[in-house]
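> Return atomic coordinates for the entry below.
(one chain, ligands or ions: 2)
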Amino acid sequence: MTRGRFILLEGCDRAGKSTQCAMLIAALKEKGHSVELCKFPDRTTTIGQMIHAYLTNAKELDDRAIHLLFSANRWEAMQSMKRKLEAGTHLIVDRYAYSGVAFSTAKGLDLTWCKNPDKGLVRPDITFFLDLPTAEAEKRGGFGDERYEKRELQERVREVFLQLRGKEWVMIDARETVQSMHHKILREAEEKIRVGELDGRFAEEDDVLLDDMFID
Ligand code: Z5A
Ligand code: MG
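Ligands and ions are numbered 1, 2, ... in the order given. Sure, this is the predicted structure:
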């Protein structure tokens with residue numbers, strides 16, 4: 001049995017990450033795959049509740065302290081994520097360490113410092129980056145409700161995201177319709193899963209989970 005694939009959706013605010021995660025999970029399940037969603041921040045844990053209080057302006061925290069909480073929120077999920085991947089379940093992940101580094105660096109923290117706490121997390125097999133101009137994001141539902149939903153910050157976040165672009169990234173124009181984005185994401189995700197299952201050489205090389213997020 002091959003391990004599950006780690007499929008990440010990252011990108012700008014309101015770009016449709018959560019919408020696309022739900023559609024991708026439904027489509028892959030219908031095709032008989034074992035698939036689960038992981039969402040960061042996971043606001044259900046104790047650490048996640050502290051993050052939620054910060055994002056909704058109910059609590060003030062030092063920029064470095066909140067950065068470390070976002071990272072800890074990923075580390076606390078790591079054993080369970082690894083177990084699921086090793087058991088052959090594909091994980092569809094809604095935001096991850098790229099968001100962590102992009103937001104904190106855009107606030108003024110040092111890029112290398114921001115990467116350090118996430119070093120060693122399991123690396124995604126494929127990352128879809130949903131790219132949306134801030135002016136378009138502002139027109140979409142709910143923009144402006146939380147702490148980081150401000151135009152200048154969002155523009156800096158996008159610049160850092162693009163600096164972090166890895167070789168596993170697939171760029172998706174989030175100005176397209178929900179359906180058109182879904183078709184592209186599903187096609188690429190299925191291809192990634194198919195290669196993992198059928199290509200012996202690839203599967204063998206890639207059999208071990210890559211615990212090397214941000215390790216050069
Ligand atoms: N953050 C951080 O600082 N550090 C970290 O380590 C992590 C996160 C992991 C909360 O994240 C904040 O935490 C976030 C980054 C920071 N801050 N900001 N800003 P979150 O993931 O909980 O945020 P969210 O509330 O889910 O928003 P989102 O992720 O930005 O939205 P989305 O998932 O990309 O979009 P959506 O919910 O699918 O869709 C948004 C709206 O647009 C909705 O009305 C849709 O119907 C509409 N939509 C979606 N697709 C389309 C298309 N194609 N066309 C037109 N309209 C569309
Ligand atoms: Mg979302």
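> mind listing the strands for the chain?
Assigned by DSSP state E, the strands in the chain fall at 6-11, 35-39, 90-94, 126-131, 169-173.
> Nearest to ligand 2 among those strands would be which one?
Among the strands of the chain, strand 90-94 comes nearest to ligand 2, with 5.8 Å by CB to the ion. C-beta here means a position set from N, CA and C on the backbone, and glycine is covered the same way.
> hmm, who's touching that closest one?
4-9, 17-18, 21, 24-25, 28, 33-40, 81, 84-85, 124, 193 (CB atoms under 8 Å, 6 or more residues apart in numbering).
> same thing with stretch 10-23?
In contact with stretch 10-23 (CB under 8 Å, 6+ apart) are residues 9, 37, 39, 92-96, 98-99, 127-134, 137, 140-143, 148-149, 154, 157-158, 161, 172, 174, 178, 181-182, 185-186.
> Show me where this protein dips below the pLDDT cut-off.
1, 196, 198-211, 216 (pLDDT under 70).
> give me that answer again for 50
200-205, 207-208 (pLDDT under 50).
> Grab the longest helix from it for me.
Counting by DSSP state H, the longest helix found in the chain is helix 63-86.
> Can you tell me what sits against that helix?
3-6, 36, 38, 40-42, 45, 47-48, 50-51, 54, 61, 91, 96-97, 99-100, 104, 107-109, 114, 117-118, 121-122, 209.
> Next, work out how far apart the nearest residue to N116 once chain neighbours are set aside and ligand 1 are.
Spatial nearest neighbour of N116, chain neighbours left out: F214 (7.9 Å); criterion: CB to CB, 6 or more residues apart in numbering. According to CB to the nearest ligand atom, to the nearest Å, F214 and ligand 1 sit 13 Å apart.
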